[in-house]
Structures are given as C-alpha cells and as structure tokens.
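[1] need coordinates for the below:
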Amino acid sequence: MSKKIIFMGTPLFAVPILKSLYQNGYPISVVYTQPPQKSHRGYKINKSPIQGISETLNIDFRSPQSLKNNIEEYEYLKKIKADLGIVVAYGQMIPKEILTLTKQGFINIHASILPKWRGAAPIQRSIMNLDTETGISIMKITEKLDSGPISNIYKIKLDQKLNALEVSEKLSLLAADKILDNVDEILDGKLKFIDQDHSKATYAKKIVKGEGQIDWSNDAFKIIGKINGLSPSPGAFFNFDGQRYKILKAEVANGIGKNGEVLTDGLEIACGKNKSIKIIEIQREGKRVQKINEFMLGSQIKKGSVIS
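    Prediction:
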C-alpha cells in the first residue's frame, strides 16, 4: 500500500517543494494552506501560491482559519491515516493533538541553519545580520517553535549582493531537491533525528514595516544588509521633504560626508564609519521602481541635500 502524505504550506517558497514531491510520485492526500486574503479595500481576493498550485495539480486542499481547537479538521485528518506531514512555511502552529495523527509525525523544512534564526523571518534576518551562510533544516515538529530534532542541514554561501527574494528562491529550490533525499527514510522510520543545542538558539522575529527606516549613522555594510534583507518588500526607506523613498538595490562606496548627506548627483549618500552607499534602484512612494539615472532626471534630491 502506498504511503500517504499531508502537505502544509502557504507562500511561493513552498511551491517548488510541493511540486517536487508530486512530480516524483509521492502521494499527497491533502494540502493545507492559509485562507485567501482580501486586498484593494476588500475588492480583490488573493489565493495563496500553494492553493494555486494545488488547483493546477488537482490536489485536494483545505484552508481553515485556524487548526487550534478545530474538531472538524482533526476528524478529517484522523480519517486519512497519513504516514507523514510535511510543513513548509504554513503560517500556523500545528496543535499537539494533530501532530499525533500521522505514523511518522510532522516534519518542517525551515529556511535557516537551526538552531540559529528560529521563527517567522529567518531569510530576512540572516541577510540583515550580514551572515556569511544560510541554509535549510529538516526537523521534526514539536510543540515549541522550530525547536524539534533535526535530520539534515544543507548550507549555501550567502552572497551579500542578493536580496531576500533571491535568497528565498535559492533555498526553495535546494529544499525541493533535498527533500527527495530524506522523505523515503522518514516514511520508513529509518532516518535519525538529533536534538538541537537549544543554548545556541536565536530568533528571527516577524518583520514590521517601521523597522525599514534607514539610520544613516550605521555603517554602509549594515545599511546594505537592511536594504537587501527587506527587498523587495516591505523595503528599506528614507524620508525627504515629506515623501518616503524605498531603496531596492544599492552598493557600498567610499564617499565621506555627514551622515545622510547626498554626495553626488547620482544619489550617493554618506553613512557612518567614513563610507557611503550608491543607490541603484529606488521607488518613490506611490510610483514605480526606477533605475537611479532615470529617477534623478526629475528628482528634487540634489547633491548637498541631507536626508533622514
């Protein structure tokens, strides 16, 4: 009799992993994903990327608001008698009573080198922290957040020129490949899981928009880390003359000036520790993203300006 898998995920990051399992013949009994979100004042309904791919592949999916104290979903999952649950950025904690409903429990593919960066935003935090490497961890889910034992960790070098979306794409494709090296042994109960060193745990708290504001007294490398870690969304930003400007791409330069001073007509801005950043792509509030040369043609931000 073939094994049964429950898959839980929501964002684009999870899509290649679900596709990889499906295309390699692993039977997905059901997919769980977050419910559609309303946008544009409630006029537009946005399905999650996982709902979209589930519909395309004709896989049954469910999108409850919550699994907590949800008797209907508990009974539904109990009837499946699944062998394994695979969770990838689902966006909800899995209640302990549901964790008991598969023969081999639930595993999570987490986008960090655990126990570093447990939590909601591991990719963004690793970039903002100027880490030199990141990766994915395949772990058993326990009641505590991202603290279960680990079967395997796969690492990549963290290129400081890549933004959060680009790193996410790399890690997602890595996970889609490496889950195939693990899933059979997990289904057969043969793969060893080793406890994390909880004393080394760090936490990647959820990103909030306000923390995107750039402090020009910081050194240039730290500012670039913030720009890349928050790009493309929600974005690192500065304010000038009552307008907000989001920086999508920039590089470190060697200009010297007062913190926040515009040093050139190409929007090179002085930072702490006698460095500067050169902006490459920028977006004025309510406008489209522009390359810096195009942006400067109509910009009021001139050499000698000081921005906050």
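[2] for the rest of this, base every contact and every neighbour count on C-alpha atoms.
    Fine.
[3] Trp30 - how many residues pack around it?
    Quick fix: residue 30 reads Val, not Trp. Residue crowding around Val30 was assessed by other CA atoms under 10 Å; the count is 19.
[4] quick one: strands adjacent to the helix or strand harbouring it?
    Remark: Val30 resides in strand 28-32, with elements defined by DSSP states H and E. When sheet partners are counted by DSSP bridges, strand 28-32 sits next to strand 5-9 (parallel), strand 61-62 (parallel).
[5] so where is this protein shaky, pLDDT-wise?
    For the chain, residues meeting the criterion pLDDT under 70 lie at 1, 40-42.
[6] domain assignment for it?
    The chain breaks down into these structural domains: 5-203, 210-297 (assignment by automatic domain parsing).
[7] check the separation of the first and last residues in the shortest one.
    The first and last residues of domain 210-297 sit 29 Å apart, counting by CA to CA, to the nearest Å.
[8] who does the helix or strand harbouring Leu165 touch, helix- and strand-wise?
    Per DSSP H and E: Leu165 is located in helix 164-187. Based on contacts counted as 3 or more CA pairs under 8 Å, 6 or more residues apart in numbering; DSSP states H and E, the elements that helix 164-187 packs against are helix 15-23, helix 122-128, strand 133-140.
[9] so where do the helices sit in this structure?
    15-23, 49-57, 71-80, 96-99, 122-128, 164-187, 220-229, 292-297 (DSSP state H).
[10] quick one: contacts of the fifth one?
    Spelled out, that is helix 122-128. For helix 122-128, contacts defined as CA atoms under 8 Å, 6 or more residues apart in numbering pick out 111-112, 117, 134, 158, 160, 163-164, 167-168, 203-204, 222, 225-226, 228-230.
[11] buried sites along stretch 116-133?
    116-128, 130 (16 or more other CA atoms under 10 Å).
[12] and which of the residues you listed is nearest to Glu97?
    Compare each of these with Glu97 using CA to CA and the shortest gap goes to Gly119, at 21.4 Å.
[13] I'd assumed Ser147 was in contact with that closest one.
    No: between Gly119 and Ser147 there is no contact, the gap being 9.8 Å when judged by CA atoms under 8 Å.
[14] what about the closest residue to Asn163 other than its chain neighbours, how many neighbours?
    For Asn163, ignoring the flanking residues on the chain, the nearest one in space by CA to CA, 6 or more residues apart in numbering is Asn228 at 4.2 Å. For Asn228, the number of neighbouring residues by other CA under 10 Å comes to 29.
[15] how near is Asn228 to Ile279?
    In this structure, Asn228 and Ile279 are 12 Å apart, going by CA to CA.
[16] identify the contacts common to the two.
    Lys249.
[17] out of the contacts of helix 122-128, which end up buried?
    The neighbour-count test (16+ other CA under 10 Å) applied to the contacts of helix 122-128 identifies 111-112, 117, 134, 158, 160, 163-164, 167-168, 203-204, 222, 225-226, 228-230 as buried.
[18] neighbouring contacts of the strand holding Val30?
    Counting contacts by CA under 8 Å, 6+ apart, the residues outside strand 28-32 that touch it are 4-9, 22, 54, 59-64, 80, 82, 90.
[19] again, only using 7 Å
    The contact list for strand 28-32 (CA atoms under 7 Å, 6 or more residues apart in numbering) reads 4-9, 22, 59-63.
[20] chain neighbours aside, what residue packs nearest to Ser66?
    Computed as CA to CA, 6+ apart, the closest residue to Ser66 that is not its neighbour in sequence is Gln92, at 7.3 Å.
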